[in-house]
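Student: Got a sequence here, can you model it:
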Amino acid sequence: MSKPLDYDSLNENVKKTAYAVRGELYLRASELQKEGKKIIFTNVGNPHALGQKPLTFPRQVVALCQAPFLLDDPNVGLLFPADAIARAKHYLSLTSGGLGAYSDSRGLPGVRKEVAEFIERRDGYPSDPELIFLTDGASKGVMQMLNAIIRDQNDGILVPVPQYPLYSAAIQLFGGALVPYYLEEEANWGLDFNTIKQSISQARSNGITVRAMVIINPGNPTGQCLSDLTIRELLQFCFNENLVLLADEVYQQNVYQDERPFVSARKILFGMGPPLSKEVQLISFHTVSKGYWGECGQRGGYFEMTNLSPKTVDEIYKVASIALSPNVPGQIFMGLMVNPPKPGDISYLRFQRESKAILDSLRKRAHIMTDGFNSCKNVVCNFTEGAMYSFPQVRLPARAIEAAKKAGKVPDVFYCLKLLEATGISTVPGSGFGQKEGVFHLRTTILPAEEEMPAIMESFKKFNDGFMEEYEDYRGYSRM
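Tutor: Residues are numbered from 1 along each chain as shown. The predicted model follows:
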C-alpha cells in the first residue's frame with residue numbers, strides 16, 4: 001500500500017505543475033556550477049545576483065529598523081543620514097513591536113496608505129488603502145487572486161502566450177484551465193483581438209467558463225510596452241466579455257524607449273468613465289523585485305482591487321489571514337519604493353543618481369543585447385522596450401530539430417542545453433513560456449553587468465553561428 005506522500009499518491013495538480021524558469025536548464029546549470037564551470041545565470045530576473053548594487057537609502061532605513069538599538073546610539077548620526085533615521089522611526093512607529101511582530105494580514109495600514117498615495121500621484125485618481133493588500137512579492141498576490149477566481153477545472157483564465165510561467169503553473173495548481181491568446185511577434189508582440197475572440201470562443205465551445213484575462217505590461221518574456229489605445233481595447237473587451245482583468249505591472253519602472261511610456265490599466269479605466277469605470281473588475285500588481293530596485297529577495301509586493309464588492313474583499317482578507325502576515329521587512333521596502341526621498345531631502349541627490357545610473361545602464365544593455373542577437377545567423381529579436389528580458393526567435397535548421405528528437409529533447413531545450421554546455425550562459429527555452437507551433441525562442445535577462453555584455457554576446461554569437469553551421473542542411477531553416 002502506498003503512503004500518502006509517496007509520488008504515486010500526490011495531488012495530480014502538483015505533479016502536472018511545471019515552472020520552466022527553474023526547470024531542466026537551471027538544474028543542469030547548477031550541476032555544472034558545482035563542477036567548477038562559470039555559469040552566467042540569465043534565466044531569472046534577479047538583478048542583485050548579477051551584480052546590481054542595492055540602493056543606499058532603503059537599505060539604510062531597513063538596517064535601522066532591523067536593529068533599532070542603533071537609533072539609541074549617540075553616534076548614529078555619524079553613520080546614517082538624518083532622513084534615513086527619521087524614516088526608520090516612522091516605520092517602527094507603524095508596527096506593533098518592530099519588524100519581528102506580525103502585521104495586519106493585509107499589511108501595515110501606514111504602508112498601505114503610502115501605496116494608495118503613490119497610486120493617486122501616478123494615475124490622478126484617488127486610491128483606497130482598504131483595497132490594497134501587501135504581499136510577499138507580486139507572485140503571492142497573483143496566486144491569491146487566481147485561487148479566488150478558479151472554482152473548478154471548467155474555469156478558464158486568458159493568458160498571453162508567450163507568458164510568464166507563474167500563470168500556467170498557478171492555474172494548473174489550482175485546477176483551472178489556461179486559455180492561451182497568442183501575441184503577434186511580427187507586430188512587436190502586439191495583440192490581435194480577433195485572435196483573442198477566437199481563443200475565448202473555442203474555450204467556451206469546449207465547456208470552459210472564461211472568467212479572467214491576464215496582461216503583462218511591460219511584457220515578460222516579450223519586452224513590449226502596451227499603448228494607451230491597446231489598453232482601452234483590452235478594458236472594453238473585458239467589459240463586453242464579463243472578465244476580471246489581472247494587470248501584471250511589475251516592470252512599470254523598466255521602460256527603455258520614449259514612444260510608449262508606461263500607463264496603468266487603472267488610469268485608463270477611470271479615464272474611460274461609466275459604465276466601464278464602475279463595472280470592470282481590475283486587480284493590479286506591483287513589486288520591489290523589479291524596476292531599478294531589484295530587491296527580489298526581500299519579497300515585497302502589493303495588489304490593488306478595483307470594483308470588487310465588499311463581501312468579496314472580506315473573503316480575500318479571510319484567506320490572507322490564514323498566513324497571518326506578509327513579511328514586515330518586505331512591507332517596509334514597498335513603503336520606501338512608493339515614497340522615496342523627495343527634493344530637498346538629504347538623501348535625494350544620491351538616490352536619484354543611483355536610480356538613474358541603473359536605468360540608463362539597463363537601457364544601454366537592452367540595445368546591446370538586441371543588436372547582438374540580430375547579428376547572429378538565423379536569430380531575429382524585437383527590441384526590448386521594457387521589462388528585463390530579450391526573447392529572440394532562433395530559426396533552427398531541420399537537422400537540429402531531428403537531432404533534438406533523437407536526443408528526446410524539445411528543439412529549443414536542445415539548443416539551450418548546447419549553449420549552456422559551450423558558454424556557461426543559462427537561459428530559458430521559449431517552450432517554457434509557450435510559443436506558436438514550429439517556432440523556437442529563448443529568454444535571457446538583460447541583467448549581466450554592462451561591461452560584461454559585449455563579451456557575453458560575442459560568446460553567444462560564436463556558439464550560435466557554429467551551431468547553425470554544424471546543423472545547416474543548406475535547404476533553409478525551419479519556421480513553420
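
Student: Following the chain past the helix ranked longest in the chain, name the next helix or strand.
Tutor: Using DSSP state H, we find that the single longest helix of the chain is helix 348-374. Moving toward the C-terminus from helix 348-374, the next helix or strand (DSSP states H and E) is strand 379-380.

Student: Give me the packing partners of that following strand, helices and strands only.
Tutor: Secondary-structure packing of strand 379-380 (3 or more CB pairs under 8 Å, 6 or more residues apart in numbering; DSSP states H and E): helix 348-374, strand 393-394. Where you see a C-beta, it was placed from the backbone N, CA and C, and this is true even at glycine.

Student: Let's see that with 10 Å instead.
Tutor: With contacts taken as 3 or more CB pairs under 10 Å, 6 or more residues apart in numbering; DSSP states H and E, strand 379-380 sits against helix 348-374, strand 393-394, helix 453-471.

Student: Contact partners for residue 62?
Tutor: When contacts are counted by CB atoms under 10 Å, 6 or more residues apart in numbering, residue 62 touches 54, 84, 87-88, 91, 99, 295, 298, 329-330, 332-333, 336.

Student: Make sure it is indeed in a helix.
Tutor: Yes: membership of residue 62 in a helix is supported by DSSP: H, G, I helix; E, B strand; the rest coil.

Student: Tell me how far it lies from residue 99.
Tutor: In this view, residue 62 and residue 99 are 8 Å apart by CB to CB, to the nearest Å.

Student: okay, and the common contacts of those two?
Tutor: The contact sets of residue 62 and residue 99 overlap at 91, 329-330, 332 (CB under 10 Å, 6+ apart).

Student: Turn these into TSV, including distance to residue 188 and pLDDT.
Tutor: Below are the shared contacts of residue 62 and residue 99 laid out as TSV (distance: CB to CB, whole Å; pLDDT from 0 to 100):
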residue	distance to residue 188	pLDDT
91	42	98
329	39	96
330	34	97
332	38	98
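
Student: Pull the most distant pair out of the residues you listed.
Tutor: Taking CB to CB, the two most distant members of these are 91 and 330; they sit 12.1 Å apart.

Student: Determine the residues that are contacts of both of these two.
Tutor: With CB under 10 Å, 6+ apart as the test, residue 91 and residue 330 both reach 62, 99, 111.

Student: show me what contacts the second one?
Tutor: This points to residue 99. Residue 99 neighbours (CB under 10 Å, 6+ apart): 62, 65-68, 91-92, 327-332.

Student: Could you pull out the strands in this structure for me?
Tutor: Applying DSSP state E to the chain gives strands spanning 40-41, 132-135, 155-161, 177-182, 209-216, 244-248, 282-287, 301-306, 379-380, 389-390, 393-394, 425-426, 428-429, 442-445.

Student: Let me have those strands in TSV, extended by distance to residue 270.
Tutor: Below are those laid out as TSV (distance: least, CB to CB, whole Å):
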stretch	distance to residue 270
strand 40-41	40
strand 132-135	16
strand 155-161	23
strand 177-182	25
strand 209-216	17
strand 244-248	13
strand 282-287	10
strand 301-306	9
strand 379-380	38
strand 389-390	30
strand 393-394	37
strand 425-426	42
strand 428-429	36
strand 442-445	33
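
Student: one step back: ok, of the contacts of residue 62, which come out buried?
Tutor: Taking 16 or more other CB atoms under 10 Å as the criterion, what is buried in these is 84, 87-88, 91, 99, 295, 298, 329-330, 332-333, 336.

Student: now, which of the residues you listed sits nearest residue 153?
Tutor: residue 330 (33.3 Å).

Student: and that closest one, what is it in contact with?
Tutor: Counting by CB under 10 Å, 6+ apart, residue 330 has contacts 62, 99, 107, 111, 134-137, 287-289, 295, 297-301.

Student: how close does residue 257 sit to residue 406?
Tutor: Counting by CB to CB - residue 257 and residue 406 are separated by 42 Å.

Student: quick one, which of these two is more surrounded?
Tutor: residue 257 (13 against 9; other CB atoms under 10 Å).

Student: How about residue 236: what's its closest non-neighbour residue?
Tutor: For residue 236, ignoring the flanking residues on the chain, the nearest one in space by CB to CB, 6 or more residues apart in numbering is residue 276 at 7.0 Å.
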